[in-house]
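Here is my input, please return the structure:
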Amino acid sequence: MSADLHFCRRCLYGTSHPLGLVLDEEGICSGCRIHEEKDRLDWDERWRRLERIVQPHRSVSGREYDCIVPVTGAQDSYYIVHLVKERLGLNPLLVTYNKYFNTPLGIKNLANLRIRYNCDILFQNVNPVSVKKITRTTLREFGSMYWPCLAGQTVFPVQVAVRHRIPLIIWGAHQGLEQTGMFSHEHEVEMTRRYRKDHDLMGHEADDLLLVYDTLKEEDIWQYRYPGDDDLNSVGVTGIYLGNYVRWDPKAQHELMMKRHDFRTAPFARTFDCYDYTDCFNYMDVHDVLKLYKQGYSRVTDHASREIRHGRLTREQGLALVRAHEQVSPKYLDLFCSWLGITPRSLQFMLDQHRNPRFWTELTPGRWAFNGWSVHSGSHESAPVEVNLSKARFTPTDTLEYDRDAAYITLGKGHP
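Sure thing, here's the model as predicted:
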């Protein structure tokens, strides 16, 4: 472990966070400091500011779409549409990218969302042969099985905005703001091509794959291209984040949507949060293992740090939860191997190539010692830390798979 890696005294984040994070003279990280804004900003005034921002985009006739809202069968989609449709009174066009790792529960949630809010929706289904080719390339070359998912989810809404000449795209919360304090809420940062490339796509645009690797062709990557500046400017495309105008609290928001609109949740082995990413077999599974290999921490650290900031966990309790979950073996690795057409042994070999030597040491072939964030971010108690989940209790209401032979739903638009 490098001596220049330090940890926040309040949450569990370290200074090697891929989105960039700094500690102040009190040892508190930039993410925690920006989180403090949630308790001092006038959110009623910020909501009024949001209303002023969207007002020019309202359809005069009331028979056209006012905005575009990207959605999935999980994450904050229900709450975003709730704010857009029920509170702002806009008529959104929903858009969703098919990542092909779909769970039955995700399909059910997405169908229920469309019905509950009575919204039109557009699906993008990229040729699965091309998606698999890109996945093999990105997994092999820079350790990402999720690159096509991230690329598609962030570019399809922009393409639709240009194609249908609907300037306003409304997203949820900005990851860089929420996790590491990359921006203040008052900066009112908007969606950018640069942030997408640098962070969502790990520095690789679709055409970069063609320039570097010879296994992909034009017909494989063209649907992941970001529209040009001329097209964006001619429509006036702008993407705003609701988290700049609403006090963002995913746990409270999900529970509100569970109560009002029957949003369904499911447990995961690798985290205590059962509200996030229930639409995907891989995000909290093989993809999360890759994150641990590369970054030295995994999604459970994100969840624990968020709950610590909201005052629902202590730092010691959060760290205990991280240590209990982050080394759990993936449950759906065989599903991914079957879909991609490789053996589990071949996949593990590729995953091991991306273990960061800063956090992993190979003791003998195939046997690794972990030296990541949770090893260094707090003391190891001689007795187990009691985790009081009275405030941070997450309630599963469903399951990811509905039968013993779980499988990806390649295409699913409805559910009984």
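
Point out where the protein drops to low pLDDT.
Applying pLDDT under 70 to the chain flags residues 1-3, 212-214, 379-386, 388-390, 402-406, 412-416.

what residue of it is the furthest out?
No residue in the chain sits farther from the centre than Ser61, which is 35.4 Å out by Cα atoms, centre = their mean.

Is it part of a helix or strand, or is it coil?
coil (DSSP: H, G, I helix; E, B strand; the rest coil).

now it: how far from Ile170?
20 Å (Cβ to Cβ, to the nearest Å). Yep, even glycine has a C-beta here, placed from its N, CA and C like the rest.

remind me, longest helix of this protein?
helix 147-164 (DSSP state H).

Tell me how far the next helix or strand along the chain from it lies from the chain's centre.
Sequence-wise, the next helix or strand downstream of helix 147-164 (DSSP states H and E) is strand 168-171. On the basis of Cα atoms, centre = their mean, to the nearest Å, strand 168-171 sits 16 Å off its chain's mean C-alpha point.

Tell me how far the very next helix or strand once past strand 168-171 lies from the chain's centre.
Heading C-terminal from strand 168-171, the first helix or strand you meet, by DSSP H and E, is helix 175-180. How far helix 175-180 lies from its chain's middle: 11 Å, per Cα atoms, centre = their mean.

all numbers from here: first residue = 421
With the count now opening at 421, the last piece we talked about shows up as helix 595-600.

tell me what helix 595-600 is packed against?
helix 450-455, helix 719-729 (3 or more Cβ pairs under 8 Å, 6 or more residues apart in numbering; DSSP states H and E).

Relative to Ser436, which of these is closest?
Nearest to Ser436, of all the helices and strands packed on helix 595-600, is helix 719-729, at 11.9 Å by Cβ to Cβ.

For the longest helix of the chain, report the contacting residues that lie outside it.
Outside of helix 567-584, the residues within contact range by Cβ atoms under 8 Å, 6 or more residues apart in numbering are 485, 488, 490, 492, 513, 515-519, 521, 542, 544, 546, 551, 554-555, 558, 586-589, 611, 616, 620-622, 624, 626, 643-647, 651-652, 655, 657, 659, 700.

repeat that with 6 Å
488, 490, 515, 517, 519, 544, 551, 554-555, 558, 589, 616, 620-621, 644, 646-647, 651, 655, 657 (Cβ atoms under 6 Å, 6 or more residues apart in numbering).

Return the members of the residues you listed classed as buried.
The neighbour-count criterion (16 or more other Cβ atoms under 10 Å) marks 488, 490, 515, 517, 519, 544, 551, 554-555, 558, 589, 616, 620-621, 644, 646-647, 655, 657 among the contacts of helix 567-584 as buried.

From those residues, which land in strands?
488, 490, 515, 517, 544, 589 (DSSP state E).

Which pair of those residues spans the longest distance?
Counting by Cβ to Cβ, the most remote pair of those is Gln544 and Ile589, 14.6 Å apart.

how deep is His607 tucked in, by neighbour count?
His607: 12 surrounding residues under other Cβ atoms under 10 Å.

do the same with Asn538
Residues near Asn538, counting by other Cβ under 10 Å: 7.

Asn702 versus that one, what's the distance?
31 Å.

Can you dump the C-alpha atoms of stretch 762-770 in PDB for me?
In PDB, the C-alpha atoms belonging to stretch 762-770 read as follows (Å, rounded to 0.1, in the frame of the first residue of the first chain):
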ATOM      1  CA  ILE A 762     -16.100 -18.200 -22.600                       C
ATOM      2  CA  THR A 763     -15.200 -20.600 -19.700                       C
ATOM      3  CA  PRO A 764     -15.200 -19.400 -16.100                       C
ATOM      4  CA  ARG A 765     -11.400 -20.300 -16.000                       C
ATOM      5  CA  SER A 766     -10.800 -18.000 -19.000                       C
ATOM      6  CA  LEU A 767     -12.800 -15.200 -17.500                       C
ATOM      7  CA  GLN A 768     -10.900 -15.500 -14.200                       C
ATOM      8  CA  PHE A 769      -7.600 -15.300 -16.000                       C
ATOM      9  CA  MET A 770      -8.800 -12.100 -17.700                       C
END
